[in-house]
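In: have a look at this fold, sequence not included:
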């Protein structure tokens, strides 16, 4: 697929993707959107916050949404390759069985795209883990689900790595008519490619390092950047220590959430999102793939 602009992302496209995701043989779950007040989580802000629990999603994260739309748009039986060592790779592998296709997860996200191009020449089709129109449209289904329960949120807070989820959710909400909704992306301080891209007004890369490895690709996606520029209020940053504390706090309240999945929560509890008092707020909990051995490294 050649380069496309943000103009290609329309409400009709996102509605079509929503139906594709819902009818996918991958069994995508319409995950719960629960009020914060129905948990034991601490909250010092006087507002109504809802948690979208993608840690309960098939394969343990939101990534399966975009993967479902990517695979549906391509014929069965092809040979795919991607570069991911995390949640996208897990969803990609899960989808291969259901779509009768072959594929390999051959590289971490830090590998250069040039190597992937060599694999394409070997008759393998490269699927990008965040900078892809079909993927972003699939991720937008998460935003559409939020609106089915909370039709006009004041604020939506979403984690951001390469930007595919943030771009999809933001586009879904804004194109659905929620003009006043403020949408914030959250990145780790040590892996803030979208934050830097906003400053430099173009997609940029960096030597990204964070405990939230799923939010630390080496560069911001081009299409996600364009969509975020159009629909996102701002990118805010959280420290690795704040992310660690968020994982621990969520776990103590019965929610198993990985470091990358807790970034939006960390931003809210550390007062990184402005003017939340009295507002209806949605916090995306994006993934829960964390083992017991990893949890042992987080503060009690």
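Out: Cool, the structure landed. None of the values given here were measured: they were computed from a predicted structure.

In: residue 127 - how many residues pack around it?
Out: Using other CB atoms under 10 Å, residue 127 has 23 neighbouring residues. C-beta here means a position set from N, CA and C on the backbone, and glycine is covered the same way.

In: quick check: phi and psi at the closest residue to it other than its chain neighbours.
Out: Closest residue to residue 127 apart from its sequence neighbours, by CB to CB, 6 or more residues apart in numbering: residue 82 at 4.8 Å. Dihedral pair for residue 82: phi -140, psi 170, per degrees, to the nearest 10.

In: so residue 82 versus residue 287, what's the distance?
Out: 17 Å (CB to CB, to the nearest Å).

In: what of residue 21?
Out: 17 Å.

In: who has more neighbours, those two?
Out: residue 287 (29 against 26).

In: distance of the more buried one from residue 265?
Out: 12 Å.

In: now do the shared contacts for those two.
Out: residue 257 (CB atoms under 8 Å, 6 or more residues apart in numbering).

In: burial measure for the residue lying closest to residue 175 once chain neighbours are set aside, as a count.
Out: Spatial nearest neighbour of residue 175, chain neighbours left out: residue 11 (4.3 Å); criterion: CB to CB, 6+ apart. For residue 11, the count of nearby residues is 15 (other CB under 10 Å).

In: these two touch, right, residue 11 and residue 174?
Out: No - with contacts counted by CB atoms under 8 Å, residue 11 stays clear of residue 174, the gap being 9.5 Å.

In: which stretches of the stretch 1-150 of the chain have low pLDDT?
Out: Scanning the stretch 1-150 of the chain for pLDDT under 70 picks out 1-2, 85, 106-122.

In: strands along that one, start to end?
Out: Secondary structure of the stretch 1-150 of the chain (DSSP state E, counting those that start in this stretch): strands at 33-35, 48-53, 79-83, 102-107, 125-126.

In: contact partners for the nearest residue to residue 261 once chain neighbours are set aside?
Out: Spatial nearest neighbour of residue 261, chain neighbours left out: residue 287 (3.7 Å); criterion: CB to CB, 6+ apart. By CB under 8 Å, 6+ apart, the contact set of residue 287 is 54-55, 57, 60-63, 87, 214, 257-258, 260-261.

In: of those residues, select the buried ones using a ChimeraX command.
Out: To isolate the buried members of the contacts of residue 287 in ChimeraX, using 16 or more other CB atoms under 10 Å:
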select :54,55,57,60,61,62,63,87,214,257,258,260,261
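
In: right, I'll call it a day here.
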